[in-house]
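Peer 1: got a predicted structure here, sequence first:
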Amino acid sequence: MNEWVLESGLPVFVAGEDDRIGAGPWARWLASAVVPDESSPRAERGRELARVGAVSRVTIGEGVVTAAVASSGGGAYETRIEAPVVPPHVWTNVVRDARRSPTLAAGVEGTQQSVHLAHRMETQLEQPLVPPARRIRRSCTCPDAEHAHVCKHVAAVAFVVADAIDVDPSILLVWRGCEPAHAPASRSGDPWSARPLPDTPEARALPPGAVVKRLGRSGIRVGDEDLADALSPAYRTFATLAADVR
């Protein structure tokens, strides 16, 4: 499983001025699971930090998100958001079922924030796609982390990751330890990707003047002849010259 590094470790800026960050269902669930009280002053301050680019060096791996959040003193606090990964056998079953269910396919491929996938995992497999708040561990090196359940720095990182999931839903799968499935060639957007390109037959030489003959009479007179008849000798001459060159 590959790690994801947002913006190659550079500061991440979340656009917009809404009270909530995260538009899609996966993004929303992640944000609200990490920051249960999104109306708190710490959550609001976290949104501000996410929007001004205070969060950097964001790395998403199996079960863990790490990031640095700029402090008012010019330094940075190190944050971590951790959760148990989805058991491999559960994800294997989901990927297998997705081969028979188009409503699950885009979810396991990480191309859409599929509500159907989340519903199946939670209700039938008893393994939620986004873990509940009680199963998420949050840590930060700031002084406030000792007193707050969710400090503003952890909140900022959660909002940055939620915003990234809206752009690339597979980021959530990476964090949950779920390898995004590859899309079948029929859905890849390339009509030739299902198999190698067929061998092209050898080009067949056309008789001289074939194009003119196919177009037929033009109705344009050149002296006493139609333009097509007048051009035929020229095409025969071109064909002879080409043969001499070869």
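Peer 2: Right, received. Where do you want to start? Residues are numbered from 1 along each chain as shown.
Peer 1: in this protein, which ranges drop under the pLDDT threshold?
Peer 2: 1-2, 183-217, 242-246 (pLDDT under 70).
Peer 1: ok, now which ones touch the residue nearest to the spatial centre of it?
Peer 2: For the chain, residue 168 is the residue whose C-alpha lies nearest the centre (CA atoms, centre = their mean; 4.0 Å). Shown in contact with residue 168 (CB atoms under 8 Å, 6 or more residues apart in numbering): residue 110. All C-beta atoms are positioned from the backbone trio N, CA, C, and that covers glycine.
Peer 1: can you tell me the helix or strand for residue 57?
Peer 2: strand 55-61 (DSSP states H and E).
Peer 1: tell me what the lengthiest helix in the chain is packed against?
Peer 2: Scanning the chain for the helix with the most residues, using DSSP state H, yields helix 227-245. Packing partners of helix 227-245 (3 or more CB pairs under 8 Å, 6 or more residues apart in numbering; DSSP states H and E): helix 210-215.
Peer 1: and residue 19, how many neighbours?
Peer 2: Neighbours of residue 19 under the rule other CB atoms under 10 Å: 10.
Peer 1: how long is stretch 122-134 end to end?
Peer 2: Using CA to CA, to the nearest Å, the end-to-end distance of stretch 122-134 comes to 16 Å.
Peer 1: buried set for the longest helix of the chain?
Peer 2: Of the residues in helix 227-245, 228, 230, 231, 235, 239 count as buried by neighbour count, 16 or more other CB atoms under 10 Å.
Peer 1: how about the strand holding residue 57, which residues are buried there?
Peer 2: 55, 56, 57, 58, 60, 61.
Peer 1: and what of stretch 72-92?
Peer 2: 76, 77, 79, 81, 82, 83, 85, 86, 90, 91.
Peer 1: next up, the contacts around residue 33.
Peer 2: Residues near residue 33 by CB under 8 Å, 6+ apart: 130, 131, 132, 133, 136.
Peer 1: mind redoing it with 10 Å?
Peer 2: When contacts are counted by CB atoms under 10 Å, 6 or more residues apart in numbering, residue 33 is found next to 81, 83, 128, 130, 131, 132, 133, 134, 135, 136, 158, 162.
Peer 1: then residue 35?
Peer 2: 21, 42-43, 46-47, 133, 136, 138, 149-150, 152, 154-159, 162.
Peer 1: same check, this time on residue 115
Peer 2: Residue 115 touches 24, 25, 26, 29, 103, 107, 129, counting by CB under 10 Å, 6+ apart.
Peer 1: buried subset of those residues?
Peer 2: Here, 16+ other CB under 10 Å leaves 24, 25, 26, 29, 107, 129 buried among the contacts of residue 115.
Peer 1: want to try TSV for these, with distance to residue 177 and secondary structure as columns?
Peer 2: Shown next, in TSV, are these (distance: CB to CB, whole Å; DSSP: H, G, I helix; E, B strand; the rest coil):
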residue	distance to residue 177	secondary structure
24	20	coil
25	20	helix
26	15	helix
29	17	helix
107	15	helix
129	11	coil
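Peer 1: helix or strand: which one has residue 122?
Peer 2: With DSSP H and E as the test, residue 122 turns up in helix 115-123.
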